[in-house]
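Trainee: No sequence on hand, only this structure:
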């Protein structure tokens, strides 16, 4: 499930992900991404991964579609998590965005938030 975090503002969209990620989660945040890109001509994404149990296949497809649709508009992606697979997943997303993708251990969340706002 996705939850938009309080520090979403201007060109930064901050999302907390936990539990099972579904296509419906993307259907909720994609309008926010579209609006941010329209208003700023780019978007910066902060993704806070917290005990993600599963990513449904249709959600994975939506994830790829979102990245491809906004390939040249995603300026940065900061990913925070606490497991090796989360670090690997963040690395896999790099080819789908033209901007920088950077992984931070969960205990460096404040550093990740600072980096994404730069």
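Mentor: Perfect, thanks for sending it. Note that the coordinates shown come from a computational prediction; the quantities given were computed from them, not determined experimentally.

Trainee: With adjacent residues omitted, what lies nearest to the spatially most central residue of the chain?
Mentor: For the chain, the residue nearest the mean C-alpha position is residue 47 (4.1 Å; CA atoms, centre = their mean). Excluding the flanking residues, the one nearest residue 47 by CB to CB, 6 or more residues apart in numbering is residue 79, at 4.8 Å. Heads up, the C-betas are built off the backbone N, CA and C, glycines and all.

Trainee: Identify the residues contacting the helix or strand harbouring that neighbour?
Mentor: Assessed by DSSP states H and E, residue 79 sits inside strand 74-81. Residues outside strand 74-81 that contact it (CB atoms under 8 Å, 6 or more residues apart in numbering): 11, 42-50, 67, 86-87, 89-90, 93, 97-106, 108-109, 112-113, 115-116.

Trainee: Only the buried residues of that strand, if you could.
Mentor: For strand 74-81, the neighbour count (16 or more other CB atoms under 10 Å) marks 74, 75, 76, 77, 78, 79, 80, 81 as buried.

Trainee: Quick check: the gap between the third one and residue 34.
Mentor: The gap separating residue 76 from residue 34 is 18 Å, by CB to CB, to the nearest Å.

Trainee: try residue 67
Mentor: For residue 67, the distance to residue 34 - CB to CB - is 13 Å.

Trainee: Check residue 12 too.
Mentor: Taking CB to CB as the measure, residue 12 falls 15 Å from residue 34.

Trainee: same deal with residue 102?
Mentor: Counting by CB to CB, the gap between residue 102 and residue 34 amounts to 24 Å.
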